[in-house]
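>>> give me the fold of what follows.
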Amino acid sequence: MKKSFLLPVLALVLGLGLGVLVLGPSQASADSHDLIEGQVTNGTQGASVPIDLGVILIAFQGDVSIDQFITFTDSEGGFRFGNVPLGPGLIYVVSVEHQGAIYQTEASPGQGAPTGLEIYESTSLDEAIVVLDDTIMLTRGEDEFAELLVRQVVRVRNDGQRTFVPAFGEDGQGVMSFLRFSLPIGYQDLTVRSDLLGGQIIPIDRGVGITAPLPPGIHALVLAYTVPYEGTTLVFEPLYPFGAELVRVLIREDVGRLIGSDLVEKAPISVSGNDFKVYEISDIAAEDRVTLGFADLPQASWAQRMWNAINNEWELIMVIPGVTAILLLVLLAYAWRLRHRRPQAVDPSTLTKNIQRQPAQLRLVEAIARLDEEMSQGEVSEEEYEAQRLDLKQALMRLALRDARSV
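A predicted model of the protein is given here:
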């Protein structure tokens, strides 16, 4: 997950239990000094700001921290930093930690520019969480691979007056008391970006969970990942634990189409010069799934699919000698034809044995590829698939070993 550039330093300071005094200015040059002051308020109705709540000020030059200070709130929630260094390009961030959540805002030095920072009481109940919309955008992966590139943008709103903070087992909800998102089976290369502070990304069944606190208001999360596939179809059934007001799917024109789904096709749109088909569905109930079936997916070349088929486990070791023999036969035949232009002069007796083997090996490799595609489309059972694939692999191994002995 994307974390604010403040977090590594903030985590270090908070990890020390705030047991530090004001940190002096660094050796970085500064034109002069000024003060930063402000007010911490509590946005939860009836709640107040604790006295002596630790407030941290960090000065950044670009993304590098050059000065750090700490002070504490007074009885009214006010705070004040004196002798703050000034300088061109400096950015100041004020942060506090309250009941398991971090709050921060940018500050401006000088009198007459007080900094306001709002905090909230915490809750482990997720009843106020609403998924406003989930937009899933599909584009093609690299041409030599059968994979989709997926960008998923989820907007979540906390309608309450308290920050949702995951509590693992403390409130009876167990480890499921956090934000969680379904992902397709076999997803790879996941990255997550958000405006939430803190927390971790943890794997869960068919997806990921995010343990970051969720303050009141609207927040966005961006999930990016790849999805490899076999055949021309793919089915994804995301679960929406909190429901969703809108689910939107964008498919680039050259990727494929949506089938077997309740989503309604809308007018196409253009994004960064690419045309996308658009599908939508509204009012998803909590704990419901949405079926997304994709068809006419782009295929890798035959050569690449053959390579992918033999590049599984130990198949590579047993098939490569046979494939090499085939390529050598083709080159030898071509060179021979250049030297002997009269067909009647050809004596193929030395090549007959190997030429007869070539179709058999190719047929076995093609059969494995077809069987994998039938499995991905649900045309054969898993038990039948495993049995047939084992038979084909053993037959291919026998041919490869026979070729190796005859070389």
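
>>> contacts and neighbour counts: CA atoms only from here.
Noted.

>>> and this structure, what are its domains?
For the chain, automatic domain parsing gives the domain ranges 7-120, 129-295, 302-406.

>>> average pLDDT across the second one?
Predicted confidence along domain 129-295 averages 87 (mean pLDDT).

>>> next, the distance between the ends of that domain.
34 Å (C-alpha to C-alpha, to the nearest Å).

>>> same question for stretch 122-138.
First-to-last residue span, stretch 122-138, C-alpha to C-alpha: 37 Å.

>>> which positions within it qualify as buried?
122-126, 129-138 (16 or more other C-alpha atoms under 10 Å).

>>> other residues contacting that stretch?
99-101, 148-160, 162-167, 171, 177-178, 242-252, 255 (C-alpha atoms under 8 Å, 6 or more residues apart in numbering).

>>> and those residues, which of them are buried?
By 16+ other C-alpha under 10 Å, the contacts of stretch 122-138 give 100-101, 148-158, 160, 162-167, 177-178, 242-244, 247-252, 255 as buried.

>>> and for residue 288, the neighbour number?
Neighbour count of residue 288, defined by other C-alpha atoms under 10 Å: 15.

>>> for it, phi and psi?
phi -90, psi 160 (degrees, to the nearest 10).

>>> returning to what we had before: which one of the buried residues of stretch 122-138 is nearest to residue 374?
Minimum distance to residue 374 across the buried residues of stretch 122-138 is 23.4 Å, recorded for residue 138 (C-alpha to C-alpha).

>>> how about stretch 258-278 as CSV, C-alpha atoms only?
Extracted C-alpha coordinates of stretch 258-278, given in CSV (Å, rounded to 0.1, in the frame of the first residue of the first chain):
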residue,chain,number,x,y,z
LEU,A,258,-18.2,-9.4,-21.1
ILE,A,259,-20.6,-12.4,-21.1
GLY,A,260,-22.9,-14.2,-18.6
SER,A,261,-23.3,-11.2,-16.4
ASP,A,262,-26.0,-8.9,-15.1
LEU,A,263,-24.0,-5.8,-15.9
VAL,A,264,-25.6,-3.5,-18.5
GLU,A,265,-23.6,-2.2,-21.4
LYS,A,266,-23.2,1.6,-21.5
ALA,A,267,-21.9,4.0,-24.0
PRO,A,268,-18.2,3.4,-24.7
ILE,A,269,-15.6,5.9,-23.5
SER,A,270,-12.0,6.9,-24.5
VAL,A,271,-9.2,6.9,-21.9
SER,A,272,-5.8,8.2,-22.8
GLY,A,273,-6.5,7.6,-26.5
ASN,A,274,-7.8,4.0,-26.0
ASP,A,275,-11.5,3.0,-26.5
PHE,A,276,-13.2,1.1,-23.8
LYS,A,277,-16.5,-0.8,-23.6
VAL,A,278,-18.3,0.0,-20.4
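
>>> let's have the chain start at 290 instead
New numbering, starting at 290: the last item is stretch 547-567.

>>> and that stretch, which residues are buried?
547-548, 552, 565-567.

>>> now, which of the buried residues of stretch 411-427 lie within strands?
Among these, the ones falling in strands (DSSP state E) are 411-412, 418-427.

>>> so can I have JSON lines of those residues showing distance to residue 655?
JSON lines is the format used below for these (distance: C-alpha to C-alpha, whole Å):
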{"residue": "411", "distance to residue 655": "59"}
{"residue": "412", "distance to residue 655": "57"}
{"residue": "418", "distance to residue 655": "50"}
{"residue": "419", "distance to residue 655": "49"}
{"residue": "420", "distance to residue 655": "45"}
{"residue": "421", "distance to residue 655": "46"}
{"residue": "422", "distance to residue 655": "43"}
{"residue": "423", "distance to residue 655": "39"}
{"residue": "424", "distance to residue 655": "37"}
{"residue": "425", "distance to residue 655": "34"}
{"residue": "426", "distance to residue 655": "32"}
{"residue": "427", "distance to residue 655": "29"}
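
>>> I'd say residue 551 and residue 568 touch.
No - Residue 551 is beyond contact range of residue 568, at 9.2 Å (criterion: C-alpha atoms under 8 Å).

>>> mutual contacts of the two, please.
What both residue 551 and residue 568 touch, as defined by C-alpha under 8 Å, 6+ apart, is an empty set.

>>> residue 523: neighbour count?
Quick note: residue 523 (other C-alpha under 10 Å) scores 20 neighbours.
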